[in-house]
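Student: I would like to see how this sequence folds:
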Amino acid sequence: MSKTKRKVAFKEYCMNQLTLPMSLEDMIPKNHVVRVANTFIGQMSLDSLLDKYQGGGPSYYHPEMMLKVLMYAYTQKVWSSRQIAKALRENVNFMWLAGSNKPDFRTINRFRLSMKDVIDEVFQALMNYLLERKLILLETYFMDGTKIEANASKYSFVWKKGTEKNQDKLRQKVSKLLEEIDNANELENGIYGDKDLAELGEDAIDDPDALEKLVQNLNEKLANKSKSKRDKSVRITRKAVRTLEKDCLPRAKKYKFVLGTIGNQRNSMSKTDPDATFMRMKDDHMNNGQLKPGYNVQIGTENQFVVGFSLHQRPGDTCCLKEHIERVKNIYGKHPEKVVADAGYGSEENYEYLEEKKIQSYVKYNMFHKEQKQKFTKDAFKKENMPYDEETDTFTCPNGKELTFSFIKKSKNGNGYISEVRVYQCKECTNCPYVDKCLKGKVQHGRRIEINRRLNELRAKSRENLMSEAGIALRKRRCIEPEYVFGRLKWCWGFKRFLLRGIEKTKLEWGLLCIAHNLTKLAALGVTK
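Tutor: Model (predicted):
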């Protein structure tokens with residue numbers, strides 16, 4: 001039997017047919033993040049943004065609309081101003097939020113850069129929004145940091161030590177050239193009296209303006225001299241001055257700029273983004289820990305909301321805690337009650353600061369987990385396990401020999417904080433049967449241990465907090481608080497490299513990203529009003 005072909009039915013398709021709903025808002029889900037952005041921005045004060053408009057001339061796009069679009073774009077992983085402008089022409093959510101306005105990418109980028117001075121106010125407004133709804137209480141502050149690559153070439157490095165060495169070589173070269181001029185003629189006598197140019201050159205290299213003035217004065221003197229090739233002294237002087245002007249002066253200016261930009265707290269910079277510092281990135285695509293220009297980003301979270309953020313130019317987390325917590329205090333007017341952080345922040349300076357501000361410390365230190373292992377506690381050669389006699393101020397090693405106090409060693413960190421370490425030494429290690437276990441290197445001066453009493457005291461207080469029932473619970477939460485935010489922003493959203501350059505612009509970019517994260521959290525919780 002032949003099969004009868006069934007009739008095929010198609011849904012009606014007509015591109016010119018008008019359909020309902022006619023409003024774009026009706027096409028957007030109730031708890032969509034675009035509604036959260038619209039509600040939040042609509043409720044906040046925009047006086048700081050409005051003050052940037054001088055008036056006169058053509059009309060402007062309203063800053064409320066621009067801010068809503070920018071905030072929503074970051075929640076959708078759209079960072080480029082060109083992509084935002086494209087979405088305003090094609091995406092229903094963007095079109096509804098912008099009221100069908102279509103600013104071009106230049107307008108969007110100019111508006112984003114104008115927010116450098118007000119990003120903290122926008123972030124503070126969102127924090128007040130969360131505090132009013134008791135989504136955050138600012139009681140427990142979970143702090144952590146990560147490194148984000150800068151928008152700069154990884155081959156544009158400039159090292160501070162190398163620049164200082166080149167500056168020393170240049171100083172010697174300038175002094176030598178000026179000494180040649182001294183020996184060749186007496187041009188400087190009419191200008192500088194009895195003072196030799198070679199003596200002036202030692203200071204001129206550190207002040208390029210003085211070196212430039214010196215070259216100008218020499219050129220003015222040489223202009224009145226004969227250009228005859230027979231005059232050997234003038235010929236030598238002209239050659240030396242030309243080298244000073246064409247080679248030494250530009251290099252002196254460059255070295256001064258580099259060292260002034262790097263400052264005392266950094267050891268490197270990038271040529272394409274001078275604010276970026278070369279740091280070792282863990283998530284390098286080659287998995288070799290390559291040095292790249294970047295920024296150290298610090299955040300604090302509560303209930304997985306970002307409640308504080310800051311950018312730093314130093315790769316280590318240790319020197320960032322004080323500055324970050326003070327920034328949080330400026331936003332909320334008070335310090336958090338508890339700070340929970342990993343061992344990267346466990347320094348004497350940070351413990352002192354937290355104690356001074358009456359903040360409960362739940363900050364680990366580098367030996368926290370090792371101290372709890374049986375292998376560590378039974379190792380009699382560890383300085384922590386050696387018996388101490390307070391009356392004689394001596395430690396006793398496993399062989400019964402005394403380690404007596406030798407001297408006090410002081411050290412200064414990047415913030416200028418000074419620590420005092422007491423050094424104890426044993427003078428009877430030559431024929432000791434435990435020398436191989438006790439000393440790692442050669443027997444020269446005997447076993448030496450360093451004891452920081454103040455740090456040990458502060459660590460004991462923090463250890464007591466960490467080992468308490470509440471401390472154990474907070475330690476478990478710390479693994480899922482800031483790490484969740486970093487995982488989402490860097491891996492789910494794919495933000496691993498800044499688009500803008502300069503610390504002020506990258507701070508703006510990261511602030512927008514943190515606000516976008518909080519808005520998506522509000523949408524996930526169903527908070528749209």
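
Student: where's the residue minimising distance to the centre of the chain relative to Y295, distance?
Tutor: Central residue check for the chain by C-alpha atoms, centre = their mean: the C-alpha nearest the mean position is that of H312, 2.4 Å away. Distance, H312 to Y295, by C-beta to C-beta, to the nearest Å: 7 Å. (C-beta placed from N, C-alpha, C; glycine too.)

Student: May I ask which helix or strand of this structure has the lowest mean pLDDT?
Tutor: Least confident helix or strand, the chain: helix 189-192 with a mean of 47, by mean pLDDT, DSSP states H and E.

Student: all strands for the stretch 301-450 of the chain, in order.
Tutor: In the stretch 301-450 of the chain, strands defined by DSSP state E, counting those that start in this stretch lie at 305-312, 338-341, 360-363, 388-389, 394-396, 402-412, 418-425, 448-451, listed in chain order.

Student: which parts of the helix or strand where E464 lies are buried?
Tutor: In the assignment (DSSP states H and E), E464 maps to helix 453-467. Residues of helix 453-467 classed as buried under the neighbour-count rule (16 or more other C-beta atoms under 10 Å) are 455, 458-459, 462-463, 465-466.

Student: quick one, the following helix or strand past it and helix 453-467 angle?
Tutor: Along the chain past helix 453-467, the next helix or strand (assigned with DSSP H and E) turns out to be helix 469-478. Taking axes from the mean of the first three to the mean of the last three C-alpha atoms, to 10 degrees, one finds helix 469-478 and helix 453-467 inclined to each other by 80 degrees.

Student: Check which helices and strands helix 469-478 sits against.
Tutor: Helices and strands touching helix 469-478, as assessed by 3 or more C-beta pairs under 8 Å, 6 or more residues apart in numbering; DSSP states H and E, comprise strand 140-149, strand 338-341, strand 360-363, helix 453-467.

Student: Dump these to TSV, plus distance to Y434 and mean pLDDT.
Tutor: As requested, the helices and strands packed on helix 469-478 are arranged in TSV below (distance: least, C-beta to C-beta, whole Å; pLDDT from 0 to 100):
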stretch	distance to Y434	mean pLDDT
strand 140-149	41	94
strand 338-341	38	94
strand 360-363	35	94
helix 453-467	25	93
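
Student: so which of those gets nearest I119?
Tutor: Set against I119 and scored by C-beta to C-beta, the helices and strands packed on helix 469-478 come closest in strand 140-149, at 16.3 Å.

Student: May I see the buried residues of that closest one?
Tutor: Buried residues in strand 140-149 (16+ other C-beta under 10 Å): 140-149.

Student: and which of those residues is nearest V69?
Tutor: Comparing these against V69 with C-beta to C-beta places I148 closest, at 23.9 Å.

Student: what bridges to the closest one?
Tutor: Y295 (DSSP bridges).

Student: follow-up on the earlier one: between the strands of the stretch 301-450 of the chain, which one is closest to E349.
Tutor: E349 lies closest to strand 418-425 among the strands of the stretch 301-450 of the chain, at 7.8 Å (C-beta to C-beta).

Student: Contacts for that closest one, please.
Tutor: 348-349, 394-395, 403-413, 445-455 (C-beta atoms under 8 Å, 6 or more residues apart in numbering).

Student: Tell me the neighbouring strands of it, and mark each as parallel or antiparallel.
Tutor: In the sheet containing strand 418-425, its partner strands are strand 402-412 (antiparallel), strand 448-451 (antiparallel), by DSSP bridges.

Student: And the ones you listed: which comes nearest A524?
Tutor: For the strands paired with strand 418-425, proximity to A524 was assessed by C-beta to C-beta; strand 402-412 is nearest, at 46.4 Å.

Student: wait, isn't A150 in contact with P274?
Tutor: No. Using C-beta atoms under 8 Å, A150 and P274 do not qualify as a contacting pair, with a distance of 10.2 Å.

Student: of these two, who's got more company?
Tutor: Using other C-beta atoms under 10 Å as the criterion, A150 and P274 rank with A150 on top: 27 against 20.

Student: related to what we said a few turns ago, which of the strands paired with strand 418-425 is buried the deepest?
Tutor: Mean neighbour counts were compared across the strands paired with strand 418-425 using mean count of other C-beta atoms under 10 Å; the top stretch is strand 448-451, at a mean of 15.

Student: returning to what we had before: what packs against the helix holding E464?
Tutor: Based on contacts counted as 3+ C-beta pairs under 8 Å, 6+ apart, the elements that helix 453-467 packs against are helix 348-356, strand 360-363, strand 418-425, helix 469-478.

Student: Check which residues of the third one are buried.
Tutor: Within strand 418-425, the residues that qualify as buried are 419, 421, 424-425, counting by 16+ other C-beta under 10 Å.

Student: now do the last one
Tutor: By 16+ other C-beta under 10 Å, the buried positions in helix 469-478 come out as 471, 474-475, 477-478.

Student: With respect to C319, which of those is nearest?
Tutor: Closest approach between the buried residues of helix 469-478 and C319, by C-beta to C-beta: R478, at 20.4 Å.

Student: Check whether L403 really touches T394, as I assumed.
Tutor: Yes. L403 lies in contact with T394 (C-beta under 8 Å); the separation is 6.2 Å.

Student: how many neighbours does D168 have?
Tutor: Burial of D168, expressed as a neighbour count using other C-beta under 10 Å, amounts to 12.

Student: Who are the packing partners of the helix or strand encompassing it?
Tutor: Using DSSP H and E, D168 sits within helix 160-184. If you count contacts as 3+ C-beta pairs under 8 Å, 6+ apart, helix 160-184 packs onto helix 197-204, helix 232-243, helix 249-262.

Student: angle of it against helix 249-262?
Tutor: Following the same axes, to 10 degrees, one obtains 150 degrees for the angle between helix 160-184 and helix 249-262.

Student: can you pull the buried residues of helix 160-184?
Tutor: Applying a neighbour-count criterion of 16+ other C-beta under 10 Å, the buried positions in helix 160-184 are 160, 163, 167, 170-171, 173-175, 177-182, 184.

Student: before we move on, what about stretch 35-45?
Tutor: Taking 16+ other C-beta under 10 Å as the basis for neighbour counts, the residues of stretch 35-45 that come out buried are 35-41, 44.

Student: can you check stretch 77-93 too?
Tutor: Taking 16+ other C-beta under 10 Å as the basis for neighbour counts, the residues of stretch 77-93 that come out buried are 78-79, 81, 84-85, 87-88, 91, 93.

Student: do stretch 485-499 as well
Tutor: When burial is assessed from 16+ other C-beta under 10 Å, stretch 485-499 yields the following buried residues: 485-486, 489-490, 493, 495-496, 498.
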